[in-house]
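[1] using only what follows, build the 3D model:
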Amino acid sequence: MAQTEKETKMFIYELDPIDYFSGSIPLEDYLKSIKEMDDTFGEYEFTQRQIGRLTSKMKTISSWEGDIIDGVYVFAMPGSNMDTNLALGIVWKQRSNGTTFVVSELELPWLEECLV
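    Numbers count the residues shown, from 1 in each chain. Model prediction:
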């Protein structure tokens, strides 16, 4: 039984350089851990689509130049009380000027001034 798709909102933030990504895990490790578990509900494919949606429009609506010096890392937060999945976010640091990009399914109000 595959998880149902929902329209994913996307919030993109551009921050000054961040040097440490404690509390996040590398995207490859996250996907590998899902792929290795008993994936009865299609979590691996669902998560790949989820990440794809989060990154699909990055080059057209942000100043990201397409390069990465650190990342891509994944972080997760509880969604609404009616959602049975965690809301994902990704973060990485651009090589050329160190701009750090955060893309989240949930709005992060404390980063409002950095919203693209």
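[2] helices of the chain, start to end?
    27-36, 43-55, 58-61 (DSSP state H).
[3] show residues contacting stretch 10-26.
    Defining contact as C-beta atoms under 8 Å, 6 or more residues apart in numbering, one finds that stretch 10-26 is touched by 53-54, 57-58, 61-63, 70-75, 91, 93, 97-108, 111, 114-116. Every residue, glycine included, has its C-beta placed from N, CA and C.
[4] and it, what's buried?
    Using 16 or more other C-beta atoms under 10 Å as the burial criterion, the residues of stretch 10-26 that qualify are 11-14, 18, 21, 24.
[5] what about that stretch, start to end distance?
    The first and last residues of stretch 10-26 sit 20 Å apart, counting by C-alpha to C-alpha, to the nearest Å.
[6] stretch 64-78 too?
    Counting by C-alpha to C-alpha, the length from the leading to the trailing residue of stretch 64-78 is 27 Å.
[7] kindly report the same for stretch 65-75.
    Terminal residues of stretch 65-75 lie 22 Å apart, using C-alpha to C-alpha.
[8] likewise for stretch 16-28?
    The distance separating the two terminal residues of stretch 16-28, taken as C-alpha to C-alpha, comes to 24 Å.
[9] returning to that earlier point: what would the helices of the chain look like in TSV with mean pLDDT, mean neighbour count and distance to N85?
    Compiled in TSV, those are given as follows (pLDDT from 0 to 100; neighbours: other C-beta atoms under 10 Å; distance: least, C-beta to C-beta, whole Å):
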stretch	mean pLDDT	mean neighbour count	distance to N85
helix 27-36	82	13	12
helix 43-55	73	17	8
helix 58-61	67	12	22
